[in-house]
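Student: I would like to see how this sequence folds:
(one chain, ligands or ions: 1)
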Amino acid sequence: MQENFPEHVAIIMDGNGRWATSLGKKRTYGHYIGSLIVNKITESAAKIGIKYLTLYAFSTENWRRPKSEVMFLMALLKTQLGKKEALFRENDIQFRVIGDFSVFDDRIVAMINGLMSKTKNNKGMRLTLALNYGGKHEIARAAKRLCEDVKNGNIKICDIDEALFKNYLYTFDMPDVDLLIRTGGEKRVSNFLLWQSSYAEFVFFDKYWPEFTEDDLVLAIDEFKRRKRRFGGL
Ligand code: V0D
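Tutor: Below is the predicted model:
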């Protein structure tokens, strides 16, 4: 494996609604085209040799959008889950979800569990979808679960450190984020992978997610390598 190559790439796929609006189309059209880009970039990332790709698909804040848009996103999630088996098999992709997906309808929960189980022995890239995910919520949930283990006597308070705390996060078995990409012009983390991005390099794109290409992914990785080389040279 190449040195200074990002093992874990995370993406905030922002700007789908704004992209569609700028073309005089409905916001939901942007989400649909965005989902096609997800397929393309997932395949590219696997081919490029990224080991972990984590995508912010639905945040805990997204529930505040108009009901019709939320319903469209749920329908999109369902159709996407139903179409992914071949893509994951052909590219040896292991599928995971982080976030509280138990609140979605039973059919969606069953499809997520089915896909995770069917792909659990795949050895290529791990694709993690953040669904109903919030970074602060994840950390509070971890604290709660850790407290249960203290109460049960499984853990002593004096044994708590960063390495132990990590075991209670959704991402317990994943490396920290190396490269965090955000499209759509905003330069914020927006409650995504707060713990895991503490040393991540951030690369921002003004272009909207539906305009993002494999070349842009390569560009971001090149920028990551450049920054690491500069850092190593000091
Ligand atoms: C909407 C931009 C693919 C972000 C991309 C609601 C907002 C398009 C998936 C997906 C969404 C991929 C693999 C899979 C299941 C779903 C997806 C959502 C939103 C969740 F196994 N695009 N996409 N899921 N958008």
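Student: Could you use CA atoms for every contact and neighbour count after this?
Tutor: Will do.
Student: Quick check: mean pLDDT of stretch 126-135?
Tutor: Mean per-residue pLDDT for stretch 126-135: 98.
Student: What parts of this protein come near the ligand?
Tutor: Proximity of the chain to the ligand, by C-alpha under 6 Å from any ligand atom, involves residues 13, 31, 34-35, 38, 57-58, 73-74, 77, 80-81, 84.
Student: Could you give me the buried positions within the one helix or strand Phe72 maps to?
Tutor: Assigned by DSSP states H and E, Phe72 falls within helix 67-83. Judged by neighbour count (16 or more other C-alpha atoms under 10 Å), helix 67-83 contains these buried residues: Glu69, Val70, Leu73, Met74, Leu76, Leu77, Lys78.
Student: show me the biggest helix of this protein in terms of residues.
Tutor: Longest helix in the chain by number of residues, with DSSP state H as the criterion: helix 27-48.
Student: Can you name every helix or strand that whichever helix or strand comes after it contacts?
Tutor: Once the chain leaves helix 27-48, the next helix or strand it forms, by DSSP H and E, is strand 52-59. Applying 3 or more C-alpha pairs under 8 Å, 6 or more residues apart in numbering; DSSP states H and E, one finds that strand 52-59 contacts strand 8-12, strand 126-133.
Student: Reformat the ones you listed into JSON lines and put distance to Arg64 next to each item.
Tutor: Listed next are these as JSON lines, based on distance: least, C-alpha to C-alpha, whole Å:
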{"stretch": "strand 8-12", "distance to Arg64": "18"}
{"stretch": "strand 126-133", "distance to Arg64": "12"}
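Student: Please state the offset of the helix holding Phe72 from the chain centre?
Tutor: Chain-centre distance of helix 67-83: 17 Å, with C-alpha atoms, centre = their mean, to the nearest Å.
Student: pLDDT averaged over it, what's the number?
Tutor: 97.
Student: swap in stretch 102-116?
Tutor: In the prediction, stretch 102-116 has an average pLDDT of 97.
Student: and for that stretch, what are the contacting residues?
Tutor: Leu77, Lys78, Leu81, Gly82, Glu85, Gln94, Phe95, Arg96, Val97, Phe101 (C-alpha atoms under 8 Å, 6 or more residues apart in numbering).
Student: In it, which residues are buried?
Tutor: Ile108, Ile112, Leu115, Met116.
Student: now, the most widely separated pair of those?
Tutor: Ile108 and Met116 (12.2 Å; C-alpha to C-alpha).
Student: Find the closest residue to the ligand in this structure.
Tutor: Ser35 (3.5 Å; C-alpha to the nearest ligand atom).
Student: That residue: neighbouring residues, count only.
Tutor: Applying other C-alpha atoms under 10 Å, we find 20 residues neighbouring Ser35.
Student: now Phe95
Tutor: Phe95 has 25 neighbours, counted by other C-alpha under 10 Å.
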